[in-house]
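Asker: Structure of the sequence below:
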Amino acid sequence: MTNSDPLSLLQFLEMQEDSLIEVFVTSVSYKHWVATIEGLAADGFILRMKHFESDVPVVLDPAMFNEGDNVDYLLSVEVGRQSWTTQFYSSTLIDFQGDPLGIRTEKDVADVVKFMRVISKATGRRVSLSSETLDYANATAYMTVGAHGGA
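Answerer: Sure, this is the predicted structure:
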């Protein structure tokens, strides 16, 4: 389903029940995270961060990444009418989770593609959209953007 047209992607996402979807890029570093956050902010995306339940400024720090166990911070990004979130599990993986039920129109798909393009530009890497996974190397991408990934 990689690089599908918006209508095919919408039909596919309608069949996703009780599962999250994920936008991700692997083989990154802390500097890619910083570039991604700066790129999203510069492109007009609304970013919010919480530390536990308190709102905090959207400022990254390497100490936020506990490489698998950290759920102290939550970053949310408004992507059109959708909300995509991450909890900084790894500095080598950028991953945002979203709800497939929030993608119902071609405009919603275009918003996700724009989000993915900003991440691709910031990292210089291909960005994938898939169902939520822990096995990124073998994840089936519904769509890819950048670095020869299309869209």
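Asker: Taking the chain centroid, which residue in the protein is the extreme one?
Answerer: Farthest-out residue of the chain from its mean C-alpha position, per Cα atoms, centre = their mean: residue 54, at 22.2 Å.
Asker: how near is that residue to residue 73?
Answerer: 11 Å (Cβ to Cβ, to the nearest Å). Every residue, glycine included, has its C-beta placed from N, CA and C.
Asker: and the residue lying closest to residue 97 once chain neighbours are set aside, how many neighbours?
Answerer: In space, and not counting its chain neighbours, residue 97 is closest to residue 20: 4.7 Å by Cβ to Cβ, 6 or more residues apart in numbering. Using other Cβ atoms under 10 Å, residue 20 is surrounded by 15 other residues.
Asker: for residue 59, same thing?
Answerer: Other residues close to residue 59 by other Cβ under 10 Å number 9.
Asker: Then the one 4 residues further on?
Answerer: Using other Cβ under 10 Å, residue 63 has 8 other residues around it.
Asker: Assign a three-state SS to it, would you?
Answerer: Judged by DSSP: H, G, I helix; E, B strand; the rest coil, the three-state class of residue 63 is helix.
Asker: rewinding a little: so the residue nearest to residue 97 makes contact with residue 101?
Answerer: No: the criterion here is Cβ atoms under 8 Å, and residue 20 misses it with residue 101 at 10.0 Å.
Asker: pLDDT weak spots in the chain?
Answerer: For the chain, the stretches with pLDDT under 70 are 1-7, 10-18, 67-70, 148-151.
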